[in-house]
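Undergrad: for reference, the sequence and a predicted model appear below.
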Amino acid sequence: MDGMAGVGVSKRYWKKDWFIGLAVVLAVALAAGKGPLRDLEWLAYDLGVRFSSTDPANADVVVVAIDDQAVEELGAWPWPRDILAEATRILSRQRPAVIGFAIPLDSAQTPYGLEYIQELKDVIESTPKLKNRTIQRLLKSAESRMDTDEIFARSLARAGRVVLAMPYLAGREHHPGSEAVLPDYLKKYTLRDVETDTPAFPLLSRFLASDVPVAEVVYPPIEPLAKHAGGAGLINLGYGGQRYARTEPLVMRYGEAYLPSFSLMMVARNRHLATRSIKVRLGRYVQLDDYRIPGDPELRVYPHFYRGKKGNPPFPVYSMVDVLNRNVGSTAFRDKTVLIGLTARQHFNPMVTPIGQVMPPVLVAANTVSSLLNDELYAVPAWTRLATLGAFVLIALYLMFLLPRVRLGTALSLTALLIIGLLNVHFYFMISESIWIRLMGPLAALLLGHVLLGTKHFIEYRVQAIHAELSEANRALGQSFQSQGQLDQAFERYRRCQFNKELLDLLYNLGLDYERKRQFNKAVTVFKTIAEHDPHYADVQERIRRTQQVSDALVLGGSSGSGGGQAPNGTLVISTTGLQKPMIGRYQIDRELGRGAMGMVYLGHDPKIGRTVAIKTMSLAQEFEGDKLADVKARFFREAETAGRLNHPNIVTIYDVGEDQDLSYIAMDYLKGDNLMAWCKPETLLPPLEVVDVIIQVAEALDYAHSQKVVHRDVKPANIIYDRDSGTLKVTDFGVACLTDTSKTRTGTILGSPSYMSPEQLAGNKVDGRSDLFSLGITLYQMLSGELPFIADSLASLMYKIANEKHPDIRMFRPELPACLSQIINKALQKQAENRFQSGMQMAKALRRCRDRMTGKKKTTRKKSKASA
């Protein structure tokens, strides 16, 4: 059930497992004994009682039932009380230990006509003339025969140990001074020896202290009966919906008085004890002489319920009809505890017992009396509250600290073991020790807590699984963006991932990539993100310090640490120790090779394949704006299409073209050697034959480009690389070339170097390959003479000379040059394109013929010199 949480993600405390576990246990503990939790405890108690084996019921407990047969033969209930008096006389003759009437006797019976007889008797006694002993005797006899309450009272007086029942309604607590006041004639039946003992654990006295239940309404026997009875006690006859008979309070409080229960008085009278001899210690026990009855802290007792054989009652039960008809043996009630009550179905409220049987109240009382006499009670001592509290604490600790740390299967096993353990403890003590420990509250807390935490963990697991999938998707997408050089998108995706060691590695590499891109502000942000989650990761702190310093220096120098990342001098190469080498696209910059008007040229390499390349960069955004920038970029990236068409040994190979931040770049083959400008000065001129060989190669390269419909537009010595050692020559910088397709060429555009431009190019007219041959002628002129053919003080003058004036003859500077070279230059520099060489191949052939003449002349000269020698 454990789950992976994101690094650095903190939960609010009320969402944490320990708080949920604690809250569940506290809520269940506070609700224990109420509603469903109370019903759950009683269900467990009932099962414990049913599974318990008991001894036979006390043999001295006998029930006299006012059953259906008695009601049928003696008339509807309630009967005249002289019938009860007769039954009392019959029973008392057998000398029972105690007789208990478990029936309501709270209302007087006044037969119709008794009041008239009493009035007539009073009139006769007050009138001398009417006095007659015979009449008075007859009236007195009639009065005594009709006053059944008095008859019953006299029988109670003669019987001796008779206990009367007082039905009641349980209610809320009555504080001293409340309206609940007992009649004076009942005060002799109240408990007087009632004290509160000091608990065994003084510090827990407030937790353990309990008061006895309270009777809100009491229905006492009428005064004539109560005066002659041997005792009276409270009994539950099912009034007010009190239909469960699991327990009986031995003592109840009514106002300021404490009253005994009916069963307690039956046992006390059985032991020849009066009410005043009963000792009560609140919260602990009730004592009858040497018999201490342990109750729960509220002095309730939990009786055993006995089972008879073959569905018969566990006690001898005699019908009232049989008693009155003397159909019962003469010793059936001797020394017995006799309970008289209603069992006729229509005249009692059925009581539900723990063993699942429905009983009339008199049989419930008989079970309770038998349990008291046999000392077979389920005890609920005060320490069981501590046991319940301990179980709650154990469950709280389990839910708070152990359950959240184990997996689902282990958690289910542990919870099942705890449930089994709680149930075993409950049933063991119920069955073997007859002690009831309330453990269903802790069990409910365990189940509820497990369900809540399990559900929470399941939801979190599913959410985390979804987050993990999203995190993995974002991580993969971020890696894809990073590999494509889209670092900002990669960083955005990484920030949506769950942070772990793998992600920190990716972020660290991303920060290094930002360094390579010279986006130092963003590199600092990435490194700080790493430091927030792991301050000691690699050298992240040093990276933050170093990168921040460089970023600040760039900002102060007028550059941006988050844009192109160039130093104030325009280069990407920064000498600060510890920084990553810069990257453009997928190429790593090694050093600077040179710089031009619009950008820099670097030596670099492709890390994936190890290819060394020259990278020409152009910061177009600094030169153009708006729509013009978009147009220039579009023209610039046509180089990719151009490079795909050109495949010639004398044309530099273009590997890649792209844009990185604000820099557009072309990656091309890196060539050893120098551009031809190194041999365009009078003091560094190449030999004429070598110059001719160089120009032949350039002419052939241009012829190939022209055949591919590509015009260079900027042919000049600086764009031709020559390695004298190997004789290798490459024409470079097709970056300003454009396709001659009409759909892609716009007239009126001037690109290139003005000193080498053809007249039509300067005029902004549409150009073709013959324009490049004009530029090549100027290059040939410069390489042979060390001077440009057209020189002026201003661009306008230069343009005029190129378009209108004839160039100086090359042999003015180099008289020794053959005429064929002068002729080739003159033809290449014709003002009208149709008068020039019509292709590079024509020019190359002319140069070869001239070279042959130069070579042959040289051989002839050598022969003459040998002959003269």
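TA: That came through fine. Bear in mind that the values here come from a model prediction, so they are computed numbers and not experimental data. Numbers count the residues shown, from 1 in each chain.

Undergrad: where along the stretch 1-150 of the chain do the helices fall?
TA: Here the stretch 1-150 of the chain has its helices, by DSSP state H, counting those that start in this stretch, at 17-31, 35-51, 68-74, 81-93, 114-126, 133-146, 148-159.

Undergrad: which of those helices has the lowest average pLDDT?
TA: For these, mean pLDDT drops lowest on helix 133-146, to a mean of 55.

Undergrad: figure out which of the helices of the stretch 1-150 of the chain is closest to H533.
TA: In terms of C-beta to C-beta, the element of those nearest to H533 is helix 17-31, at 23.1 Å. For the C-beta atoms, the positions are set from N, CA and C on the backbone; glycine is no exception.

Undergrad: can you list contacts of that closest one?
TA: Here helix 17-31 makes contact (C-beta atoms under 8 Å, 6 or more residues apart in numbering) with 13-14, 37, 392, 395-396, 398-401, 403-404, 441-442, 444-445, 448-449, 452-453, 456.

Undergrad: from those, list just the buried residues.
TA: The neighbour-count criterion (16 or more other C-beta atoms under 10 Å) marks 37, 392, 395-396, 398-400, 403-404, 441-442, 444-445, 448-449, 452-453, 456 among those as buried.

Undergrad: against D296, how distant is L84?
TA: 35 Å (C-beta to C-beta, to the nearest Å).

Undergrad: just S471 next, same as before
TA: According to C-beta to C-beta, S471 stands 58 Å off from D296.

Undergrad: same check on S319?
TA: 37 Å.

Undergrad: those two: which has the busier surroundings?
TA: Applying other C-beta atoms under 10 Å to S319 and D296 shows that D296 carries more neighbours, namely 22 against 19.

Undergrad: just to check, that one is in contact with V380?
TA: Yes. Contact criterion C-beta atoms under 8 Å: D296 and V380 qualify, at 3.5 Å.

Undergrad: mutual contacts of these two, please.
TA: Common neighbours of D296 and V380 (C-beta under 8 Å, 6+ apart) are Y302.

Undergrad: returning to what we had before: of the helices of the stretch 1-150 of the chain, which is nearest T410?
TA: Here helix 17-31 is closest among the helices of the stretch 1-150 of the chain (C-beta to C-beta), at 15.0 Å.

Undergrad: helix 35-51 and that closest one, what's the angle between them?
TA: Using axes from the mean of the first three to the mean of the last three C-alpha atoms, to 10 degrees, the inter-axis angle of helix 17-31 relative to helix 35-51 is 70 degrees.

Undergrad: show me which residues of helix 17-31 are buried.
TA: By neighbour count on 16+ other C-beta under 10 Å, the buried set for helix 17-31 is D17, I20, G21, L22, V24, V25, V28, A29.

Undergrad: same thing with stretch 600-615?
TA: Neighbour counts over stretch 600-615 (16+ other C-beta under 10 Å) mark M600, V601, Y602, L603, G604, H605, D606, V613, A614, I615 as buried.

Undergrad: with stretch 589-599 instead?
TA: If you call a residue buried by 16+ other C-beta under 10 Å, then stretch 589-599 has these buried ones: I589, D590, G599.

Undergrad: could you look up the SS state of the second one?
TA: Following DSSP: H, G, I helix; E, B strand; the rest coil, D590 is assigned to strand.

Undergrad: state the distance from it to V613.
TA: 10 Å.

Undergrad: overlap of the contact sets of these two?
TA: Both D590 and V613 are contacted by L603, G604, H605, under the criterion C-beta under 8 Å, 6+ apart.

Undergrad: any idea which helix or strand carries the second one?
TA: Okay, so that is G604. strand 600-606 (DSSP states H and E).

Undergrad: which residues sit against that strand?
TA: Contact with strand 600-606 is made by 570-573, 584, 586-595, 611-617, 655, 667, 670, as judged by C-beta under 8 Å, 6+ apart.

Undergrad: show me what the helix or strand that that strand is followed by is packed against.
TA: Next along the chain after strand 600-606, taking DSSP H and E as the criterion, comes strand 611-618. Applying 3 or more C-beta pairs under 8 Å, 6 or more residues apart in numbering; DSSP states H and E, we find strand 611-618 packed against strand 587-595, strand 600-606, strand 654-660, strand 663-669.

Undergrad: residue contacts, the closest residue to L418 other than its chain neighbours?
TA: Nearest residue to L418 in three dimensions, chain neighbours excluded: L446, at 5.7 Å (C-beta to C-beta, 6 or more residues apart in numbering). Contacts of L446 were listed using C-beta under 8 Å, 6+ apart, and they are I395, Y398, L399, T415, L418, I419, L422.

Undergrad: shouldn't L446 be within a helix?
TA: Yes. Applying three-state DSSP, one finds L446 inside a helix.

Undergrad: roughly how far does it sit from G585?
TA: 63 Å.

Undergrad: same check, this time on L776
TA: Distance, L776 to G585, by C-beta to C-beta: 32 Å.

Undergrad: likewise for D147?
TA: Separation of D147 from G585 (C-beta to C-beta) stands at 124 Å.

Undergrad: show me what R591 is bridged to.
TA: For R591, the beta-bridge partners are L603 (DSSP bridges).

Undergrad: how about the helices of the stretch 1-150 of the chain, which one is nearest Q842?
TA: Ranking the helices of the stretch 1-150 of the chain by proximity to Q842 (C-beta to C-beta) places helix 17-31 first, at 89.4 Å.

Undergrad: if we can go back for a sec, mind putting the helices and strands packed on strand 611-618 in a markdown table, distance to H712 included?
TA: Listed next are those as a markdown table, based on distance: least, C-beta to C-beta, whole Å:
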| stretch | distance to H712 |
| --- | --- |
| strand 587-595 | 20 |
| strand 600-606 | 18 |
| strand 654-660 | 13 |
| strand 663-669 | 14 |
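
Undergrad: now Q287, what are its backbone angles?
TA: Torsion angles at Q287 (phi, psi; degrees, to the nearest 10) stand at phi -120, psi 130.

Undergrad: got it, and P717?
TA: The phi/psi pair for P717 (degrees, to the nearest 10) is phi -60, psi -30.

Undergrad: what of I278?
TA: The phi/psi pair for I278 (degrees, to the nearest 10) is phi -80, psi 130.

Undergrad: what is the neighbour count of it?
TA: Other residues near I278 come to 25 when the count uses other C-beta under 10 Å.

Undergrad: also the one 4 residues further on?
TA: Using other C-beta under 10 Å, L282 is surrounded by 20 other residues.

Undergrad: in the sheet, who's paired with it?
TA: T196.

Undergrad: surely it is in contact with T196?
TA: Yes. Counting by C-beta under 8 Å, L282 does reach T196; the two are 4.7 Å apart.

Undergrad: of all the buried residues of helix 17-31, which two lie farthest apart?
TA: Most distant of these, by C-beta to C-beta, are D17 and A29, 18.5 Å apart.

Undergrad: tell me the helix or strand right after the strand or helix carrying L225.
TA: Using DSSP H and E, L225 maps to helix 223-228. For helix 223-228, the following helix or strand on the C-terminal side (DSSP H and E) is strand 231-235.

Undergrad: any chance of the helices of the stretch 1-150 of the chain in CSV with distance to P649 as columns?
TA: Output for those, formatted as CSV (distance: least, C-beta to C-beta, whole Å):
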stretch, distance to P649
helix 17-31, 74
helix 35-51, 94
helix 68-74, 128
helix 81-93, 138
helix 114-126, 148
helix 133-146, 149
helix 148-159, 140
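
Undergrad: quick one: which of the ones you listed is nearest A490?
TA: Checking those against A490 by C-beta to C-beta gives helix 17-31 as the closest, at 35.6 Å.

Undergrad: in the stretch 751-869 of the chain, mark out all the helices, start to finish.
TA: Using DSSP H, counting those that start in this stretch, the helices of the stretch 751-869 of the chain run over 759-762, 769-785, 795-804, 819-828, 840-868.

Undergrad: just name the most buried of the ones you listed.
TA: Of all the helices of the stretch 751-869 of the chain, helix 769-785 carries the top mean neighbour count, a mean of 25, counting by mean count of other C-beta atoms under 10 Å.
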